[in-house]
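In: From the sequence below, what's the structure:
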Amino acid sequence: MRFRELGSAEDLIRLVQEIGFLPFFINEVPGFSVEECCRRELWFSDTLDGPWEWKGPIARSKTCVYGKLFSGRAGFVSAEWLPDFANYRRNGYDFDARFDDELASYKDKGIYDVIAENGAILSRTLKEKCNYRKGGNKGFDTVITRLQMQTYVSVADFVYMKDKKGKTYGWGVAQYSTPEVIFGRELVTAAYRRDPLESKERMRAHLAGLLPDAEEKQLLKLLG
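Out: Sure thing, here's the model as predicted:
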């Protein structure tokens, strides 16, 4: 399926709200990514904002979840589909219950707890607080990706550093939060009354209708 060309953050928000799910990068389903919906000149332009710059405003808009959601790579899920997505990915567990049942590691808990306690926190500050620096803990990227894939953590914004003249520079630094803080617990847990496999089937059926040429195994890989 070919989606319309994207030219702004607003275009991308509308598309995600319309279709529910959208990986950021090319994946196993042809045409189903932000990368394939944007002109190449928008990706690294000195004069035009493109997908890299859109991520922060979209995350702040609270219209969709952004994070490493598809096979450990970035993408978007609309607020409408977040409850089923979280119910399935969490397998019905809040994080504390998952940890109590020994399904989450102490490293996972350490990072999750700091994010939850702070509400929102920059990745560099999170690493410092959890001792992920030279000579300290290892595997930060693995843990933060796992927490995003399980929907316990998402990206709330990207913050750009400023020089002495107040001019921004470099890549935006991810600011992590929890979906409950961003969207409210009531919305995030709205599908908890369903069996997680029912949520999976609802999403699979939706994607099958949206992507009629995609194979079943491709859709199931997207859902994780």
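
In: The longest helix seen in the chain packs against which elements?
Out: The helix that spans the most residues within the chain, counting by DSSP state H, is helix 196-210. Secondary-structure packing of helix 196-210 (3 or more Cβ pairs under 8 Å, 6 or more residues apart in numbering; DSSP states H and E): helix 82-90, helix 216-223. Yep, even glycine has a C-beta here, placed from its N, CA and C like the rest.

In: what's the residue positioned nearest the centre of the chain sitting at in phi/psi?
Out: By Cα atoms, centre = their mean, the chain has its centre lying nearest to residue 67, at 2.0 Å. Main-chain torsions, residue 67, degrees, to the nearest 10: phi 170, psi -170.

In: I figured it was touching residue 156, is that so?
Out: No - shown here, residue 67 and residue 156 do not form a contact pair, counting by Cβ atoms under 8 Å, at 9.6 Å.

In: in this structure, which spans are helices?
Out: According to DSSP H, the helices that the chain contains are 9-19, 34-37, 51-61, 82-90, 95-100, 106-118, 123-129, 140-149, 179-183, 185-188, 196-210, 216-223.

In: looking at the protein, which helix or strand is least sure?
Out: The weakest-scoring helix or strand in the chain, judged by mean pLDDT, DSSP states H and E, is strand 168-177 (a mean of 84).

In: and it with helix 140-149, angle?
Out: 60 degrees (axes from the mean of the first three to the mean of the last three Cα atoms, to 10 degrees).

In: Quick one: residues in contact with strand 168-177.
Out: 52, 55-56, 115, 119-124, 126, 144, 153-163 (Cβ atoms under 8 Å, 6 or more residues apart in numbering).

In: among the residues you listed, which ones are buried?
Out: Among the contacts of strand 168-177, those scoring as buried are 55-56, 115, 121-123, 126, 144, 153-159 (criterion: 16 or more other Cβ atoms under 10 Å).
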